[in-house]
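Colleague: Starting from these lines, generate the structure:
(2 chains)
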Number of protein chains: 2
Amino acid sequence: MHTPTPVIPSAGRLRPLGIEEVRLTGGHWAERQAANAEATILHCLHWLDELGWIGNFAKAATGKPFERAGREFSDSEIYKLAEALAWEIGRTGAPELEAEFARLTELIGAAQHRDGYLSTRFGNPGQEGRYADLEWGHELYCYGHLLQAAVARLRTRGEDDFTRIARRVADHVCDVFGPGGIERICGHAEIETALAEFARATGEERYLEQARLFIERHGRGTLAEAGLYYQDDVPVREAEVLRGHAVRALYLSSGAIDVAVDTGDADLLEAVRRQWDRTLARRTHLTGGMGSQYQDEAFGRDFALGPDRAYAESCAGIGAVMTAWRLLLATGDHAYADAIERVSWNVIAGAAAPDGKSFFYANPLHQRTADADPPAGEAVAHVHAGGRRAPWFDVSCCPTNLARTFAQYAVYLATADDTGIQLHQYAPATIDTTVDGTRFALNVHTSYPDDGRITVRVEANEGPERTVTLRVPAWAHGARLTGPDGRTRPVAPGTATVTAAFAPGDEIHLDLPIEPRWTHPDRRVDAVRGCAAVERGPIVLCAESIDLPGASLDDLAVDTAVPPVERGGRVHVAARIHPGTDAWPYGPERRGRGTPAEIPLVPFHLRATRAPAAMRVWLPRA
Amino acid sequence: MHTPTPVIPSAGRLRPLGIEEVRLTGGHWAERQAANAEATILHCLHWLDELGWIGNFAKAATGKPFERAGREFSDSEIYKLAEALAWEIGRTGAPELEAEFARLTELIGAAQHRDGYLSTRFGNPGQEGRYADLEWGHELYCYGHLLQAAVARLRTRGEDDFTRIARRVADHVCDVFGPGGIERICGHAEIETALAEFARATGEERYLEQARLFIERHGRGTLAEAGLYYQDDVPVREAEVLRGHAVRALYLSSGAIDVAVDTGDADLLEAVRRQWDRTLARRTHLTGGMGSQYQDEAFGRDFALGPDRAYAESCAGIGAVMTAWRLLLATGDHAYADAIERVSWNVIAGAAAPDGKSFFYANPLHQRTADADPPAGEAVAHVHAGGRRAPWFDVSCCPTNLARTFAQYAVYLATADDTGIQLHQYAPATIDTTVDGTRFALNVHTSYPDDGRITVRVEANEGPERTVTLRVPAWAHGARLTGPDGRTRPVAPGTATVTAAFAPGDEIHLDLPIEPRWTHPDRRVDAVRGCAAVERGPIVLCAESIDLPGASLDDLAVDTAVPPVERGGRVHVAARIHPGTDAWPYGPERRGRGTPAEIPLVPFHLRATRAPAAMRVWLPRA
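Modeller: Prediction:
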């Protein structure tokens, strides 16, 4: 059995750790993981049963025509939930979840055709034929999530009925989509990264080759409506930037990295790095959110980063972590961990409510009005889901995607190599692994990002001299590191290392300057010109209307000459209020001094948690 | 036969004139009208024939199942073109157009069911039943355009086979959708204004009552997916602002005004005025463009007016003229004529290319990249149609809508009442009508808005003392009026009047200050904070990348302390160029002086005419 972790490249700079090697012991991510285990997974099961999306499998298994529930991709939600169950079972061994996993396995298996084909939407009596609609049918996309669930199962429990279903699916895909078969792609990337990982988990090279074929076929116009939306406009290795549907683009990038690493294709790896870097510089919101427009749930043009119509889909946040994690493992470049931190805290952390039972589909940085929460128990149309968490959506990809991500989240904290351990994300955790054949174990104590001190205590070192590498975030100018020898030194953004023949009880302290700071946009980001935002450590803050009784967020102008201050556990900024009038809104310049005010801010990931509120991250400057 | 004009309210402050009373004699609108007659109408006929949208009628007439071309609303394109033909035949009597009109009449008539029902999409063998999908079926919407074409025909040629088809349709609608019938609405408003006008053109009160019923049914949730998109969220008389799909909202407003005026419903009229006023103050672009978001082609939130994702659909511009014209006729308030001027020059004027053969579907105020023109002869997906004119679209509502609008455009220039003539829009034209029973004729000479002088020469006055009223646009501070007595006086924005016992040869001169000026947005328009635009008279200007060789529009910062200057027939602004870098685009504030430059501007309606170009109306300030 492999290390229980979602991504194990065959090569690369850093080695991922498994969920039994890194354990969250407290803080935000542990709470998220607990809420996921105790609420979100059961919540998703309830909705999937209630809406009949699970029931589709039983109906398909009858071999008779049936009335099907849900969208064409609804099978994938069951598979993503199976992946969440598999990781959670691996993490805690929960027997009631194992029973649910067994129930899903049986239902899914019964619906599988003799030759491996598996779909509740196509290919059954009374339905359109198999692969009749590669653009929108999502059959291969669904398979991808089934394979990722099987990877989780293989790496936590080993071969079983579920993984055998997956193997039959993977073989079927290779038979049908291999050379001389249907030489086309799926309209929604996902099968690529899934096949590559399934190859790693099973040792079956054929799956990697099929992943490679799918990657290379992108941009060849094999889809009827070829184009940018599906990343079928330009071959992956020729593209300059991520574009089209954001989740598709990020899943495709993940698959391309997997293929590049496992086939030793440096050009392909470099192509994805280039696209990622340019996307970060030109198409990413301050929150790390990607996908700047509602239309097509897509990346927009360079610097088209309007905060109010920012889509920044939760699933695109997950896709960004998937891509950045693979780039980090391949290259060891800390900048990818910076990106994971940003999107984790500012998109993923708040995408589920604290109780784990409602979700943001989109994560715009500006909410103009205090939209009421949706009626209890009602699914919400995803395209109108900007400003509020909802229990479910018509297209409900985020709840199950968040469930699988929270269940596996611990693995993103650290990696190892032959010299030691690299700490990428800071949270209370234990890390217990082998380095170069001998045990090396750390315990991280911190209340980061509430404060900036991270203490790493060595629990065991059975080997010789080891290196502990700590990421210093790009914003952390003025960080300080104290080694086991008690000596403190300044460390610059990037990484800081301590190399020593560590003994149990040795401690390293990293002090990051998490004081709130003003952040200004590049002048090319038109939509937020003349605005500034406040960040505190990795946390993007926002103003909410419920903190401004009697005034409107629209009338606010902040004074960036005054640094943000912390008082009573909250960050405050100095501002002036300029009440607006109702007239033709364009004409000669109007001036006015406004009324002074001090505005408390709240972490963006906690927005719309106390009550529905108008909200803005980017605050107009006076 | 009535006055040949599209809107003749039964009451109201001002009387509309017909296309034989107001004639364009030169200038931009006469050129547009000529290009429409010589190119656009035939271009549309070609596409409608080529794509089979006209052919659908012949197929439906066979009474056998057939393969249908086009979207569910394609019949409406034929009807809008029929309206264009009717006005153009009325204006010039062109016999070749009369033959086309007869051909369409025969095809449409043959497809009509015995009881008046008419659709090529529903209710025929092998199709879904009549009115099976009121949300999206568009049957009543299509009828509306048929009735508007019939109004044009009735008022230019009188009763004929076409108008009899329309009468059978209108009777059928009253039979089926009257009290006790299907008490619901169409997902796309249009039938309301059309039935009201058809009532005026035929004298049949029943049609007005049916229009009233449809207006009152809005906002009662009679559509399955009730909601804001269809204006089915709030009753018309209770709404505060225009919302949802912009064209639907504006067509509905037009119908509500018609019903309010003809039924003496002052509350309903006031409700629409209130909504229009607030929409102008909070949801309208500088160009007069309405519908601020691509998603749903819809009005966005108050002040959500991003220039790059501005939809500002050409058809919404036409809908804005329809609504403002009805409000102007009802109230006599010059502000509605101001709005017509703004949207006419900055949305409608440029929506067709000078050659009349390609069209803007959307009219965003910022185009980030110089998108190539679409391949010749290729229809373009309307949702991706922002930055370039295309010959046709998958949803191709604008070409035929522009065709009917250009054909009738002269009527928007002037009105009459018992005391004289009111000039609302300035273009070279003759106005020859009767005032209080006797002839009063004017000739307008001007090259407005190239320069600001408008000369009104009296050609005939068979009556006593008359009043000529001239609109002074809201931006025209410093205007001067010279009467027939040769005396000049300053006139303020609003209206200026000259009352005299005019004799032929008498002249009035209005001098409007059309010098270019800086225009600033209200501080609540987030998307253009820190920017300014240049207007010259009624014309909004923009910068195009082809005028900045070697620099990017993204790197521009203008100096609004320096007034725009005219040189060599073009307006120039002072600016500085700040080349950008590629890095994470958020952080501490960056400063720099940049390189000085002087940037020539071009009228927004002429954008993308010389060559594909990046473009922006709102220019970042230094």
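
Colleague: where does the stretch 301-450 of chain A dip in pLDDT?
Modeller: Applying pLDDT under 70 to the stretch 301-450 of chain A flags the ranges A:383-386.

Colleague: Up against chain B, what does it have?
Modeller: Applying Cβ under 8 Å from any Cβ of the partner chain, we find that the stretch 301-450 of chain A lies next to chain B at A:301-304, A:306-309, A:366, A:368-369, A:383. Just so you know, the C-beta spots here come from the backbone N, C-alpha and C atoms, and that holds for glycine as well.

Colleague: Got a quick PyMOL command for the buried subset of the residues you listed?
Modeller: With 16 or more other Cβ atoms under 10 Å in any protein chain shown as the burial test, the buried ones among those are selected in PyMOL as follows:
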select buried, chain A and resi 301+302+303+304+306+307+308+309+366+368+383
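
Colleague: Dump the residues of the stretch 301-450 of chain A next to chain B into a markdown table; add secondary structure and distance to A:Ala503 as well.
Modeller: As requested, those are exported to a markdown table (DSSP: H, G, I helix; E, B strand; the rest coil; distance: Cβ to Cβ, whole Å):
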| residue | secondary structure | distance to A:Ala503 |
| --- | --- | --- |
| A:Arg301 | coil | 55 |
| A:Asp302 | coil | 52 |
| A:Phe303 | coil | 52 |
| A:Ala304 | coil | 54 |
| A:Gly306 | coil | 54 |
| A:Pro307 | coil | 50 |
| A:Asp308 | coil | 55 |
| A:Arg309 | coil | 55 |
| A:His366 | strand | 52 |
| A:Arg368 | coil | 57 |
| A:Thr369 | coil | 59 |
| A:Val383 | helix | 58 |
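
Colleague: Report the two of the residues of the stretch 301-450 of chain A next to chain B separated the most.
Modeller: Spatial extent of those (Cβ to Cβ) is set by the pair A:Asp302 and A:Thr369 at 29.4 Å.

Colleague: Which element, helix or strand, includes A:Arg200?
Modeller: Element membership for A:Arg200, per DSSP states H and E: helix A:191-202.

Colleague: Remind me what that helix packs against, helices and strands.
Modeller: helix A:139-156, helix A:161-177, helix A:205-217, helix A:246-263 (3 or more Cβ pairs under 8 Å, 6 or more residues apart in numbering or on different chains; DSSP states H and E).

Colleague: now with 6 Å?
Modeller: If you count contacts as 3 or more Cβ pairs under 6 Å, 6 or more residues apart in numbering or on different chains; DSSP states H and E, helix A:191-202 packs onto helix A:139-156, helix A:205-217, helix A:246-263.

Colleague: so what's the backbone phi/psi at the residue lying closest to A:Arg15 once chain neighbours are set aside?
Modeller: In this structure, A:Arg15 finds its nearest non-sequential neighbour in A:Ala416, 4.9 Å apart by Cβ to Cβ, 6 or more residues apart in numbering or on different chains. Main-chain dihedrals, A:Ala416, degrees, to the nearest 10: phi -130, psi 160.

Colleague: beta partners of A:Ala416?
Modeller: Counting by DSSP bridges, A:Ala416 is bridged to A:Arg15, A:Ile421.

Colleague: Quick one: closest of the helices and strands packed on helix A:191-202 to chain B.
Modeller: Among the helices and strands packed on helix A:191-202, helix A:246-263 comes nearest to chain B, with 15.0 Å by Cβ to the nearest Cβ.

Colleague: Quick one: mean pLDDT for the closest one?
Modeller: The average pLDDT within helix A:246-263 is 98.

Colleague: by how many degrees do the helix or strand just after it and helix A:205-217 diverge?
Modeller: Sequence order places helix A:266-282 as the next helix or strand after helix A:246-263, per DSSP H and E. Helix A:266-282 runs at 50 degrees relative to helix A:205-217, counting by axes from the mean of the first three to the mean of the last three Cα atoms, to 10 degrees.

Colleague: and the helix or strand just after helix A:266-282 with helix A:191-202, angle?
Modeller: Next along the chain after helix A:266-282, taking DSSP H and E as the criterion, comes helix A:314-331. Put simply, helix A:314-331 runs at 50 degrees to helix A:191-202, going by the same axes, to 10 degrees.

Colleague: which helices and strands sit right next to helix A:314-331?
Modeller: Packed next to helix A:314-331, using 3+ Cβ pairs under 6 Å, 6+ apart, are helix A:246-263, helix A:334-343, helix A:397-408.

Colleague: Repeat the analysis, applying 8 Å as the threshold.
Modeller: Helix A:314-331 sits against helix A:246-263, helix A:266-282, helix A:334-343, helix A:397-408, with contacts defined as 3+ Cβ pairs under 8 Å, 6+ apart.

Colleague: Rebuild those helices as a markdown table, extending it with mean neighbour count and distance to A:Pro65.
Modeller: As requested, the helices and strands packed on helix A:314-331 are exported to a markdown table (neighbours: other Cβ atoms under 10 Å in any protein chain shown; distance: least, Cβ to Cβ, whole Å):
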| stretch | mean neighbour count | distance to A:Pro65 |
| --- | --- | --- |
| helix A:246-263 | 28 | 31 |
| helix A:266-282 | 19 | 44 |
| helix A:334-343 | 24 | 44 |
| helix A:397-408 | 27 | 27 |
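
Colleague: Tell me which residues are up against stretch A:444-451.
Modeller: A:27, A:345, A:413, A:423, A:426-431, A:453-457, A:512, A:514, A:536-539 (Cβ atoms under 8 Å, 6 or more residues apart in numbering or on different chains).

Colleague: what comes up buried for that stretch?
Modeller: Buried, per 16+ other Cβ under 10 Å, within stretch A:444-451: A:444-446, A:448-449.

Colleague: Strands - which of the residues you listed land there?
Modeller: A:444-446 (DSSP state E).

Colleague: Closest residue of the stretch 51-200 of chain A to chain B?
Modeller: Closest point on the stretch 51-200 of chain A to chain B, by Cβ to the nearest Cβ, is A:Glu135, at 13.8 Å.

Colleague: count of neighbours near the closest residue to that residue other than its chain neighbours?
Modeller: Excluding its sequence neighbours, the residue lying closest to A:Glu135 (Cβ to Cβ, 6+ apart) is A:Gly187, at 4.3 Å. Using other Cβ atoms under 10 Å in any protein chain shown, A:Gly187 has 23 neighbouring residues.

Colleague: where does chain A dip in pLDDT?
Modeller: Across chain A, the ranges flagged by pLDDT under 70 are A:1, A:226, A:383-386.

Colleague: Quick check: residues of the stretch 501-622 of chain A near chain B?
Modeller: Residues of the stretch 501-622 of chain A lying near chain B (Cβ under 8 Å from any Cβ): A:518-533, A:554-555, A:557, A:560, A:578, A:580, A:582-590, A:618, A:620.
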